[in-house]
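Quick one, what's the 3D model for this:
(chains A and B)
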Amino acid sequence: MSIIQDAVKTAVRFVPDRWLPGASPDPLREKHGLLGAPISRVDGPLKVAGQARFAAEVPMEGLAYATLVHSTIARGHITSLDTSKAEAAPGVVLVMTHENAPRMNAPAMFMSRPDAVGASDLPVMQNRDIHWNGEPVALVLAETQEQADHAATLVKVEYESATAVTDFQAAKLAAHHPQSILGEPPLFEIGDAEKELNEAHHRVDLVFRTPRHNHNAIELHGATVRWDGDELTVHDATQMLNGTAGTLAEIFGINPDQVHVSSPYVGGGFGGKALWNHQILAAAASRLSGRPVRIVLSRESVFRIVGGRTTTEQRVALGAERNGSLRALIHTGTVAMTEHNNCPEQFTFPARHLYASKSFRLEQSVADMDMMANTFMRAPGESVGTFALECALDELAEQMELDPIELRRRIEPEKDPTSNNPFSSRYLLQCFEQGGERFGWNRRDPKPGARREGEWLVGLGCATGTYPYHRMPGGSARIRIEADGSAVVSTAVHEMGMGTATVQAQAAAARLGLPLEKVRFDYGDTSLPKGVLAGGSTQTASISAAVIAANDELVKELIRLAGNDSPLAGLGADKLEARDEGLASVDEPGRHETYASILARAGRDHLEVEAAAPPPLEMMKYSMHSTAAQFAEVRVNSVTGEVRVCRMLGSFDCGRILNAKTATSQFRGGMIMGIGLALTEETLFDPRSGRIMNPSLAEYHVPVHMDVPEIEVMWTDIPDPHAPLGARGIGEIGITGVAAAIANAVYNATGRRVRDLPITLDKLL
Amino acid sequence: MAVTLRVNGKEQSVETEPDTPLLYVLRDDLALNGAKYGCGLGQCGACTVLVDDKPVLSCLTPLMLLEGRSITTVEGLGTVGKPGPMQQAFIEEQAAQCGYCIPGMMMRAEALVRRNPDAGDTEIRDALEANLCRCGTHSRILKAVARARDLKRGGGA
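Okay, the predicted model is just below:
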């Protein structure tokens, strides 16, 4: 955190809400009807008809198909390259290596500048150096995908290996503090936590380990690219349109407005659909060959060149008084990272905001390794951080002979325990009470191993889930009102299945007082007003803030156009509300004029306004976090050790829920990914070679139909007064707390604490 | 080699290598992008289509085996404006999230309900085991298949 940011943060605390752009309550947050209604997805019919066009399906004349060749060493350099056989193979257009690739600037690293989204700052195929096992060393371009795949096997590469750091245990010895953990200091302390721990009446001091994970969206990473002179068009599968355009422009030395990125449908992202080497290399090969290029990574290539969640080793130590209050909360540990990226898997973040404690010690280090740059994956930090913290709390509760929910009641903070800012809105205990009642928590026998049904041991567990509210700065939106009074709202944002297109149309209709069928929401293309990226559960709030700003402009323009002959004459914006397809007086319901009528009288065939969202100062004044109570019932086979999750319930406090249907899917989807995190998912990294050993869906086990039990979700639906629409974002919280709830249930069933994920049967035998 | 296929009721002649996977032919030669490419190894099920009413993984099925066979892809189940019962059920249950696994799910489900119009929930779950979804929309998919089964029965089909 810079000095300037700190100063702004301090100043903002004393500023009244009405002076803070973006922090004053959105009147729509209390409005019911369209907002919150279970509207069906607007893109449903297209998707089930097979007509939603994904990035690798865009037709282009004269396409050439690309395949990558990956390095087989983790560090060193290429000593010789023989591409002659590949070049002579049928259909081959060209083979690109560092020897003939166009000169390109290295990508600017994510967060190094507002628009930079490079997954690492390593140059791409520009020299003979190798930085990870799997780095692309050649790209083969051919007339068909099969010809490219075949020719790629004919490229001969020889290497000289250098000593590589590929063993996390060894790398940990040289672990160090990164400059920051996403803007927060790597070490945060209140009081002397180690001393308080030693003097506490009850103590737990535990180590937890989580493995690497990969997103494994079912749509493979792919792009269809074309150059027209110095103009680059990229049909991409991305969750960061404008960042991709800006970063690619810099790589190729052109202006951002010369890069056009389009991505209306994305077949799952989860953090993985970012700017990786393949789009850069496809654009380079297209430039070199003069042909439009399609690249679709094989599933193995995705594991080789798209980073995943990194591995963590975490210590959680808790010291408590007899009455249950915490004296010490210590959460420290190390993650694997590279020297070329900045993604430290912020697992200590939940501990900053969840519980009151007399003292804190929160510290994160990174161990530099020679591996594919790791990246963000659904709830980076919070997903694995809550596993450690919430399992430790369960162990503490048991030692204190307290119900785990009762323990959480006793350590519920009144304000944010580390920033001291007030919570904008927090109903965690309500989540536990209502969720626990519905789930039947009172039927849990705290004694482990007490419930047996034949071979099966049955247990219940719970845990807290949490994810922060963030609003991305820099997004804009356009509102266009047509002569018939219908509206088009547009901004360059993303729909990966979350429901963005549907929810934003709903929200815009509610804001403009229009029926849903008179509103269209356009997104997914950089020709639209600059949008925000889809990540960190920020899109909904960020888009909504831009739409509010545009709507403020719209109302001003409408007042101007309405003039003195309108029933609205003389009313200012603060006396007007949108209703019945137009504007109306707040105080005198009879004074109303439709948009169509205002435009007609002014002789306009449309009205268009565009505005940018104000900076997200509300985040500095308030501690803004969503919370959840996660419950799981598991059955563990006493003979085989097999774990089956048989029932789950998630009880969420995320502010307003904007669409009951799409929200249910988001929550449940996160919880199901949480089952994978708890029980099956692990990217196996060979500590000798630095190579990922299970780069396929046969060996990396995502949850399947048989793994998915009855999952119930519920929510408080209490609007956050400081978030646009009263909503805090729901894409990630679903996965948080799940692994802990399942691990705690496994303990309740068996009496076995498994502190390293995934909880496979060998760990229970 | 030229192979003649019947795709969604229409005769199609394709000139290609005999071992070309059906999926590549559908997507690259016939512009039928409904069947999806998710792994190319028969591990995810996104490419599932029907060959003579049986579900096959089109990414693993070479063209030479298909001379004269009848192939149905998701485009053969209905259109955006006129969705078939399976598609209608998937819309009504909101089973598509990102939508990428959905065509494969629908084709495998279609094969099941054609074979067994009375398939129960366990049989549905069993049949769909081979198809992966990462958004986590499993519960809605299972419900959609049950609804499609009922729609087809109710419609007298």
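
give me the number of residues near A:Met111?
14 (other Cβ atoms under 10 Å in any protein chain shown). C-beta coordinates here come from the backbone N, C-alpha and C atoms, glycine included.

do the same with A:Thr680
18.

does the closest residue to chain B within the stretch 301-450 of chain A count as helix, strand or coil?
Nearest residue of the stretch 301-450 of chain A to chain B: A:Val302, at 9.5 Å (Cβ to the nearest Cβ). Recorded secondary structure, A:Val302: helix (DSSP: H, G, I helix; E, B strand; the rest coil).

any idea how far the closest residue to A:Pro448 other than its chain neighbours is from A:Ala388?
Nearest non-adjacent residue to A:Pro448, counting by Cβ to Cβ, 6 or more residues apart in numbering or on different chains: A:Gly751, 3.7 Å away. Taking Cβ to Cβ, to the nearest Å as the measure, A:Gly751 falls 20 Å from A:Ala388.

neighbour count winner among the two?
A:Ala388 (30 against 13).

right, and the more buried one touches A:His331 too?
Yes. Using Cβ atoms under 8 Å, A:Ala388 is in contact with A:His331, at 7.0 Å.

shared neighbours, these two?
A:Gln314, A:Val316, A:Phe347 (Cβ atoms under 8 Å, 6 or more residues apart in numbering or on different chains).

Out of these, which comes closest to A:Thr224?
A:Phe347 (37.3 Å; Cβ to Cβ).

Quick check: the closest one touching A:Val384?
Yes. The criterion here is Cβ under 8 Å, and A:Phe347 meets it with A:Val384 at 5.3 Å.

shared neighbours of these two, anything?
Contact criterion Cβ under 8 Å, 6+ apart; residues shared by A:Phe347 and A:Val384: A:Thr312, A:Gln314.

Wait, a helix at A:Gln314?
No. A:Gln314: not assigned to a helix; according to three-state DSSP it is strand.

so the closest residue to it other than its chain neighbours is in which element?
Nearest non-adjacent residue to A:Gln314, counting by Cβ to Cβ, 6+ apart: A:Gly333, 3.7 Å away. Per DSSP states H and E: A:Gly333 is located in strand A:326-337.

Need the mean per-residue confidence for that strand.
Strand A:326-337 shows a mean pLDDT of 98.

so who does B:Ala2 touch?
By Cβ under 8 Å, 6+ apart, B:Ala2 lies in contact with B:Ser13, B:Val14, B:Glu15.

For it, what are phi and psi?
Main-chain dihedrals, B:Ala2, degrees, to the nearest 10: phi -100, psi 130.

same deal with B:Ala127?
Backbone geometry at B:Ala127, expressed as degrees, to the nearest 10, gives phi -60, psi -40.

Surely it and B:Met107 touch.
No. Contact criterion Cβ under 8 Å: B:Ala127 and B:Met107 do not qualify, at 11.1 Å.

ok, how many other residues are close to A:Asp228?
By other Cβ under 10 Å, neighbour count at A:Asp228 equals 10.

now it: how far from B:Val145?
A:Asp228 sits 45 Å away from B:Val145, going by Cβ to Cβ.

Can you give me the neighbour number for A:Gly676?
Using other Cβ under 10 Å, A:Gly676 has 24 neighbouring residues.

Now do the host helix or strand of it: which elements does it pack against?
Using DSSP H and E, A:Gly676 falls within helix A:660-679. When contacts are defined as 3 or more Cβ pairs under 8 Å, 6 or more residues apart in numbering or on different chains; DSSP states H and E, helix A:660-679 sits against helix A:382-399, strand A:643-653, strand A:710-715, helix A:738-750, helix B:138-154.

what's the average pLDDT for it?
Averaging the model's pLDDT scores along helix A:660-679 yields 97.

quick one: buried residues of that helix?
Neighbour-count burial for helix A:660-679, counted by 16 or more other Cβ atoms under 10 Å in any protein chain shown, picks out A:661-679.

near chain B at all, stretch A:83-98?
No. Interface with chain B: stretch A:83-98 contributes nothing (Cβ under 8 Å from any Cβ of the partner chain), its closest point being 9.7 Å away.
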